[in-house]
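Q: I would like the atomic coordinates for the input below:
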Amino acid sequence: MGVKVCFTADLHGNTEHLKRILRCARDQGCDTVVLGGDLGPRGAGWGQPSDGKRIRDVLPHNDDGTIAWDHPDALTYMEEGFVQQRQWLLEEMMPLLEAHPTSVYVMPGNSDWKAHFDPGGALHKHPSVTHARDYSSFTGFMAHERKVRIVDGEGQTFALSSIDDFIHVPVLGLSLVPISSHKKKDWERRDWRWQEENQIEAGSSLDGFVCTRSGSANVERIRLNTEPRFDCDDDEGSIETALDKVVRDTDEVVDEDGNRMIKATIWFVHAPPRHTVGDLTSRGERVGSVAVRAAIERYGPRATFHGHIHESVGKHKGKFKQDVSTILFRQIGQLRDRRICQVMSVGNDFREEDPRVIIFDTDDPSEAVRVKCA
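A: Below you'll find the model as predicted:
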């Protein structure tokens, strides 16, 4: 037996869903829980709105009926949402995670404001929270260590541990998503290094809002930069660069047959890979990441777990697993063999009555099951 994991994503501030997910993880005997992004409420509300209003019902409109995102009221709405999200994370989420008997890893998603998860932010200041330890410097957890651990959304390898602390499994986490129509841009990036503006998905917007870098306001307007340039390891780097960097920074291992393999063979990536069970929208569009798909094929993880697109599993009639063929290298530059990675999407939707989770054992993630939490 390895480490038994409960994975889910896309809570969007639904406190009742979180309660049921943690209860399910406990009943299933899971060693740990991974919350894979989009944890806090989207806007200035908590969970499922009781009044049924949508964002277009509260924001001003242009003459053509589109939302006037350049209107001062739109910035005010985002600032109010920033404060509401912080309150939910601290007042709703944290008490539940503190009371849970096992460790819980929290990853931000594209709907989560970056400042709340960064060092010095609201969560990091909480006495029960620590940063997920980089696996490269991992030496095991002490029994008294804080149980709630924040994963670096820019990309990190860290260790999942069994309840008895005897088993430690390296995994990879990444929160970045391709540029989309959403207006929060803290975690949006160009998909691949040389992607240009005319290659971005139709309907996507470069204009939006990010956490304030300086000053007293919480949120500021931004226009993302997609000019062709040499990619770099900073906030304007692509998803392709971020994945390459986090894999490169993790030591490789060599198996008994001489195959070079990455240590972190289980990945938690908020964005699903392109053309899989995780990336089909209700409009029939494929919006998964090309870079995530290419990295899976190149580096050959055993299994990857995703959220972000709530409805894709439903569009696939409940199918949440898909085999993706990957390339395995015996020596650098010499094609050795092909192996299969299982790509899995939790397909959780905070607006539905019942939340969904994926339960799996790190020794054999292919046996993962998708569970409806009662």
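
Q: Once you drop chain neighbours, what's closest to the residue most central in space within the chain?
A: Most central in the chain under C-alpha atoms, centre = their mean is residue 270, positioned 2.8 Å from the mean C-alpha point. Leaving aside its sequence neighbours, residue 270 sits nearest to residue 37 (C-beta to C-beta, 6 or more residues apart in numbering; 3.8 Å). To be clear about C-beta, it is placed using only N, CA and C from the backbone, and glycine gets the same treatment.

Q: ditto for residue 190
A: Once flanking residues are discounted, residue 190 sits nearest to residue 238: 4.4 Å by C-beta to C-beta, 6+ apart.

Q: That neighbour is in contact with residue 291, isn't it?
A: Yes - with contacts counted by C-beta atoms under 8 Å, residue 238 reaches residue 291, the gap being 6.6 Å.

Q: Need the overlap of contacts for those two.
A: Residues touching both residue 238 and residue 291 (C-beta atoms under 8 Å, 6 or more residues apart in numbering) are 191-192.

Q: Isn't residue 172 up against residue 159?
A: No - using C-beta under 8 Å, residue 172 is not in contact with residue 159; the gap is 11.1 Å.

Q: where along the stretch 1-150 of the chain do the strands fall?
A: Secondary structure of the stretch 1-150 of the chain (DSSP state E, counting those that start in this stretch): strands at 4-8, 32-36, 103-107, 129-131, 148-150.

Q: Tabulate those strands (JSON lines), appending mean pLDDT and distance to residue 85.
A: Listed next are the strands of the stretch 1-150 of the chain as JSON lines, based on pLDDT from 0 to 100; distance: least, C-beta to C-beta, whole Å:
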{"stretch": "strand 4-8", "mean pLDDT": "98", "distance to residue 85": "18"}
{"stretch": "strand 32-36", "mean pLDDT": "97", "distance to residue 85": "14"}
{"stretch": "strand 103-107", "mean pLDDT": "96", "distance to residue 85": "13"}
{"stretch": "strand 129-131", "mean pLDDT": "90", "distance to residue 85": "16"}
{"stretch": "strand 148-150", "mean pLDDT": "94", "distance to residue 85": "15"}
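
Q: Tell me which helix or strand residue 221 sits in.
A: Assigned by DSSP states H and E, residue 221 belongs to strand 219-223.

Q: I meant to write residue 294 there.
A: Here residue 294 sits within helix 290-299, counting by DSSP H and E.

Q: If you rank every helix and strand of the protein by mean pLDDT, what lands last?
A: Least confident helix or strand, the chain: strand 252-254 with a mean of 53, by mean pLDDT, DSSP states H and E.
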